[in-house]
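Colleague: can you look at this prediction? I've put the sequence above it.
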Amino acid sequence: MTKSLLLVFLFIFSVQMVQAQNEKTQLNITVFDENNKELKGVSVTINQTSLTTDKNGHTDISIPNGKYHVKVLHPDFQEKELNINHTSLQNVIIKLQPVNKLEEVVVFSKESKGLTTKSVIDRQTMQHLQPSSFSDLMELLPGGLSTAPVLNLTNKATLRENTAGYTGNEYNTSSLGVQFMIDDNIINSNADMQVSVDNRQFSEGPKYRETSSSGVDMRTISTNDIEKVEVIRGIPSAAYGDLTSGLIKIERRIKAAPLQARFKADGFSKQYYLSKGFKINDKWQMSASADFLDSKSNPTDDFETYQRITASIRSKKISTLWSRPLEWRSTIDFSTNIDHKKYDPDNGYPSTDRYESNNKRISITNNFIYQLDKNAFFNKLALNTAIRQGFEKLEQVKLIQLSGPRSFSLATEQGENVGYYPDLRYIAEFSTEGKPLDITAFFQANGTKKTFGITHQYEAGLDWRYSKNNGKGLEYDMKTPPSANTGITRPRPYNDIPASSLWAAFLGDQMSYAIHQHKFTLYAGLRLSKNMGIDNSYAISKKVFAEPRLNFQYSLPHLMINDYPLKTDVTLGYGLFYKQPTLLMLYPNKEYWDYTQLNHYHNDSQYRYVNFMTYIQSRENKELQAAKSIKKEIRLDLSYRNNQFFITYFKETMTTGFRNMVQTTVHNYKQYDNTQVDLTQWTPNGPDLTNVPYEIKNVFGAYTTTENGSETLKQGIEFGYTSPRLKAINTRFTFTGAWFKTQYRNSAPIINRPNGSIGTEPYPYYGIYQSDYGYVNSNINYNLLIDTYLPSLDMIISASLQGSLYDHSRNDRRIAEPISYYGVDGVIHPFTEADRTDTYKQWLVRSVSVSDNLDRLYTFTMVGNLKVTKSIYKALRTSLFVNRLFNYSAPYTFNNVKVYRKGTNTPYFGMELNYNF
C-alpha cells in the first residue's frame, strides 16, 4: 500500500513539473538606438523564431521558461547578441550602436565565410588597386604578391600554386583548368587553335603567346566595367564543371551612371576608358563602354607591343510573364587583342621579319531569371545563353638565308616523291587563321523547402557547351617554307576538325539544420558530363564522368566576450573535377618525315633532282581521357567585433594532366648511290633509278602525342586577418599570406634517346625512364596592408609590406638509368647492371650533374608599395601608385657560396584620372 501511494505521489509531482516546464510566459523586447530613440524594423531572432519590431521598437513573444539566445539585426546598426534566462514575465531593453560607415571602405579582397572558399573583390578595391588587366587582381588573393605587368606575353591564371617561374607546357593543365565566367556565361577556350607554324621566331617569342593549352589569357580581360569578382579556390557547387583548379566569376555593372572617363599611365602602358549608364525607365537600365590599352614590353621599345580594344553594351530589364517577375540581362561585346613584334633595324637584324597576332571576338549573351511561386517546388528558373565568334589571324614574315643548296618535299601523302630546291634566299610568309565558335546554354532550377526542421536549398539543371573552329588553319606556300629543316608542319585546315559538344546534368542540395545555437550546413551535389560528337574510336566517347561535391560547415554556439559574440565556423570540403581535352589535343596535326633517298645537285639546273620517301603519322591519341583532380580542404573562420580571421588547409591531387610525350615508330627508306646516276639516262622526270644501287635504311621516327602523363600535387595553408578600422586614425590592418607546396612530375614513363651517333649511324636504342624533369617548389608569402581613409579629404592612402619568408625550389630527383630499352626491332629489354658497362648501352644512363639536384633556398624578401586615391569635388578622382618603393632581399647560400641580391627590383609607378561628367 505504501509503495502504491508513493508511485501516485511521484506521478502527480511529475505531471506538475511537466506542466510547469510547458507553461509559457511573455517576453517583451524593446530596441533603442544610441540616442534612446525607438527603432522600427529591427530583426529579432530568438533561437529559430524571427520577429520584427514595430514603430515603437517593440516586439513580444510567449515562450516556455528556459535559456534563450537572442540575435538583433538592423542594416544601419551593429549586430548584437545576448543570452537570457526566461523564468517569468520579462521586459528586455536592447540598445544598438550605429554601424561605422568607415568600415564600408574596403581596399582589399574579402574572404567568404560560406561553404565555399573564395575571395570577393569589389569595385572600390579595384579602383584603389588601379589594374591594367585582370592579372593585377591576383595580388589580392592569399599568397599573392604585386608584380610588374608583363603584357607582351600570355598571362596564365594559376590558383594556390608556386610555379617558380616555370614556362614549359608540360603542366599547363592547372591554368587550363581555371574556368572564367563573365556575367554567368563561361569563356570557353576549347576551340582555341592559334599556334604558330614556326614558334621559334624571335627567340621563341610566338611560343610564349600561345594559349591553346593554357586557357584564358588574363591580359584580354579589362577590369573597367567589373562590379565584383569572385575567385572560388575551394569546391564550387555541382552547377560548375569542366575545371580543375578553380572558378573565377566576373560580374559587370549595369546601372544608370553619368558619362565617365578614365585615363591611366604607367611605365609600360597607357589606358583610355569611356562609359555611360542609361535609365530607360524604372525597370530598364543599360550601360555602354569602350576602352583601349596600349602597352610596350619596354618603354623605349616600339618594336614589341600589345594592344587591347574592347567595347560593350549591356542591358537589364525587369518585366512580368504570366504575372511573375522576369529579369532579362543581355550583352553585346566586341574585343580585339593585337600582339606585334619585329626587329629593330639598328640592331643588325632583318627588317623584314615580323610577327602579328590579331584576335577579334564578338559575343552576344542573353540571361533570363524567372521567379515562380515561393511555395512551388522550384521557385526560380534561370536560363543563360551565349554565342561567341572569334576571328583570329596570326601572320608571320621571315627572311630565310640558306648556307647552301637545300631541298624540300612538297608531298602531302605518304610515299616516294620528287622534291624541290628553293632559292638560297627568300622571304617566307605564313599564317594561322582561326574562327572559333562557342555556343553555350545553361539551365538551372532552384527551390527551397523545409522538412523535419531541415531547410533544403536545392538546384538541378543542364549545361551544354558547343565548340567548333571554322578557320583555314595553318597556311603557307610549301615552296617557301618557314624553316630550312625537313619534316616541317604541313598546312592544315581547322574547319575539317569535328566539333565538340559537352553535355552535363547536375543536382545539388544545401541542407541547413540548427539545434539551439549549433548550426549545421551540408551541401551535397553530383555532376554528370559526357563529351558528345566524338568518334566511337575514342575511349572518351564512351565514358560518363561523375563529379561528386561535398561541403560541410559547423557553426559553433557564439561565445560571449564582453557582451560581444565570438563566432566560430569550421568548414570541410571534398570535390572531384574533370577537365576535358581541347579540340587541338584530340585532333592534332599529323607528323611528317621526309627522308632523302637521292639528292643529285648538279651545276646545270636541268640535272638537279631530289627524291624523298615521305611518311605520315597520325598523332591522335584515342585513349586520351579527361584530366582528373581531387580537392580536399578544411577551414576555420573566427569573427569578433569586426575582427576577421581565417585559416585554410588544402590538398589538390591531379595525376592525369595533359602533356606531349614522345612516341617512336620505325621507318625504312632507300639510300641510292649518287655516284651511279647515269646522266645519259636522264628523263623529263629525272634520272632512271631502275639500275641505281641502293641500301635499305631502318631508322626511328619520333613524334609526340598528348597523354595523361603529368602529375601536379598542390597543398598549402592560406591565412588572413582583418582588423576593424581604428576610429582614432581611421586605419585598418589586413594581413594575409599562404604556404604553398607544389610538385610537378610525370605520371607515366617517358622515352628518350641519347644525343650522339655510332659512326655515321644514329644511336640505335631508346631508353624508357621512370622520371622526367620534375620540380618541387615551396614558399611562404605574406602581405601586410595598412589603409587609412580620411573622410574630410575623401582620400584613401594604403601602404603594403609584402614578400616571402622563404622560397625553396629543387628538381625532383631524376633517376639516371632507364628501367628498360628497345631497338629498331621494337623488343623491350630490361636494363641490367651488365648494360652499364656495355659499349653502346652504357650511354642510356643519363647524365645527372651535381647541380641538377642542388636546392635553391631564397631567403627573406620585403617590398614596400604605396597607393593613394583622392576625390576632388566628387567629379574627379585621381590615383597614384608606387610599387617597390623600397625593397630588401636577404642574401642566400647556393652551392656553399653566399649570394647577395642587390638592385633586383626597381620602382614601378603610375597614375590615373577618373572624371564623371
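Modeller: That came in fine, so what should we check first? Numbering: from 1, shown residues only.
Colleague: list phi and psi for Met126.
Modeller: Torsion angles at Met126 (phi, psi; degrees, to the nearest 10) stand at phi -70, psi -40.
Colleague: just Ser174 next, same as before
Modeller: Here is the backbone geometry of Ser174 (degrees, to the nearest 10): phi -60, psi -50.
Colleague: correct me if wrong: it contacts Glu711.
Modeller: No - with contact defined as C-beta atoms under 8 Å, Ser174 does not reach Glu711; the gap is 11.2 Å. Placement of C-beta: from N, CA and C, glycine included.
Colleague: so between those two, which is more surrounded?
Modeller: Ser174 (30 against 21; other C-beta atoms under 10 Å).
Colleague: how near is that one to Lys40?
Modeller: Computed with C-beta to C-beta, to the nearest Å, the distance linking Ser174 and Lys40 is 53 Å.
Colleague: over to Pro325?
Modeller: With C-beta to C-beta as the criterion, Pro325 and Lys40 are 27 Å apart.
Colleague: if we can go back for a sec, what residues are shared contacts of Ser174 and Glu711?
Modeller: By C-beta atoms under 8 Å, 6 or more residues apart in numbering, Ser174 and Glu711 have these common neighbours: 654, 657.
Colleague: what's the nearest residue to Gln307 if we skip its chain neighbours?
Modeller: Leaving out its chain neighbours, the residue that sits closest to Gln307 by C-beta to C-beta, 6 or more residues apart in numbering is Ile338, at 4.5 Å.
Colleague: ok, then the element right after the helix or strand containing the one you found?
Modeller: Using DSSP states H and E, Ile338 sits within strand 324-342. Using DSSP H and E, the helix or strand that follows strand 324-342 in sequence is strand 354-371.
Colleague: buried residues of that following strand, list them for me.
Modeller: Buried residues in strand 354-371, counted by 16 or more other C-beta atoms under 10 Å: 354-357, 359, 361, 363, 365, 367-370.
Colleague: pick the one among the residues you listed closest to Pro762.
Modeller: Here the nearest of those to Pro762, counting by C-beta to C-beta, is Tyr355; it sits at 33.6 Å.
Colleague: quick one: contacts for the closest one?
Modeller: By C-beta under 8 Å, 6+ apart, Tyr355 lies in contact with 201-202, 205-206, 339-342, 395-396.
Colleague: from those residues, list the buried ones, please.
Modeller: With neighbours counted by 16+ other C-beta under 10 Å, these contain buried members at 201-202, 205-206, 339-342, 396.
Colleague: ok, of the residues you listed, which one's closest to Val195?
Modeller: Using C-beta to C-beta, Pro206 is the member of these that sits closest to Val195, with 8.3 Å.
Colleague: ok, now how distant is that closest one from Lys579?
Modeller: Pro206 sits at a distance of 25 Å from Lys579 (criterion: C-beta to C-beta).
Colleague: how about Lys342?
Modeller: According to C-beta to C-beta, Lys342 and Lys579 sit 36 Å apart.
Colleague: now swap in Thr760 and tell me
Modeller: 46 Å.
Colleague: between these two, which has more neighbouring residues?
Modeller: Legend: neighbour count by other C-beta under 10 Å for Thr760 and Lys579, higher for Lys579 (25 against 5).
Colleague: show me what contacts that one?
Modeller: Counting by C-beta under 8 Å, 6+ apart, Lys579 has contacts 173, 176-177, 242-244, 626-627, 629.
Colleague: now these as JSON lines including pLDDT?
Modeller: Listed next are these as JSON lines, based on pLDDT from 0 to 100:
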{"residue": "Thr173", "pLDDT": "96"}
{"residue": "Leu176", "pLDDT": "97"}
{"residue": "Gly177", "pLDDT": "97"}
{"residue": "Asp242", "pLDDT": "97"}
{"residue": "Leu243", "pLDDT": "97"}
{"residue": "Thr244", "pLDDT": "97"}
{"residue": "Ala626", "pLDDT": "97"}
{"residue": "Ala627", "pLDDT": "98"}
{"residue": "Ser629", "pLDDT": "98"}
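Colleague: nearest residue to the residue nearest the centre of the chain other than its sequence neighbours?
Modeller: Compute the mean C-alpha point of the chain, and by C-alpha atoms, centre = their mean the closest residue is Val178, 2.8 Å away. Of all residues not flanking Val178 in the chain, Ala157 sits nearest, at 4.2 Å (C-beta to C-beta, 6+ apart).
Colleague: just checking, the one you found touches Gly177?
Modeller: No - using C-beta under 8 Å, Ala157 is not in contact with Gly177, being 9.4 Å away.
Colleague: overlap in contacts, those two.
Modeller: Shared contacts of Ala157 and Gly177, defined by C-beta under 8 Å, 6+ apart, comprise 215, 245.
Colleague: element containing the residue nearest to Val178?
Modeller: Going by DSSP H and E, Ala157 is not in any helix or strand.
Colleague: mind listing what it touches?
Modeller: Contacts of Ala157 by C-beta under 8 Å, 6+ apart are 138, 175, 178, 180, 215-216, 218, 245, 248.
Colleague: what's the answer for Asp301, then?
Modeller: Counting by C-beta under 8 Å, 6+ apart, Asp301 has contacts Asp344.
Colleague: could you redo the last one with a cut-off of 10 Å?
Modeller: Taking C-beta atoms under 10 Å, 6 or more residues apart in numbering, we find Asp301 in contact with 152, 341, 344.
Colleague: okay, how far is it across stretch 153-161, tip to tip?
Modeller: Using C-alpha to C-alpha, to the nearest Å, one end of stretch 153-161 lies 19 Å from the other.
Colleague: quick one: residues contacting the nearest residue to Thr448 once chain neighbours are set aside.
Modeller: Of all residues not flanking Thr448 in the chain, Gln457 sits nearest, at 5.2 Å (C-beta to C-beta, 6+ apart). By C-beta under 10 Å, 6+ apart, the contact set of Gln457 is 446-449, 508-512, 521, 523.
Colleague: repeat that for 8 Å
Modeller: Gln457 neighbours (C-beta under 8 Å, 6+ apart): 446-448, 509-512.
Colleague: okay, and which of those map to helices?
Modeller: Among the contacts of Gln457, none falls in helices (DSSP state H).
Colleague: how about these in TSV, adding distance to Ile332?
Modeller: Listed next are the contacts of Gln457 as TSV, based on distance: C-beta to C-beta, whole Å:
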residue	distance to Ile332
Asn446	28
Gly447	32
Thr448	34
Asp509	36
Gln510	35
Met511	40
Ser512	40
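Colleague: return the subset of those lying in strands.
Modeller: When the contacts of Gln457 are checked against strands (DSSP state E), the matches are 446-448, 509-512.
Colleague: quick one, phi/psi of Lys841?
Modeller: According to degrees, to the nearest 10, Lys841 has phi -70, psi -20.
Colleague: same question for Ser323.
Modeller: Dihedral angles for Ser323 - degrees, to the nearest 10 - are phi 70, psi 20.
Colleague: tell me, how many residues neighbour it?
Modeller: 5.
Colleague: any idea how far it lies from Pro687?
Modeller: 88 Å.
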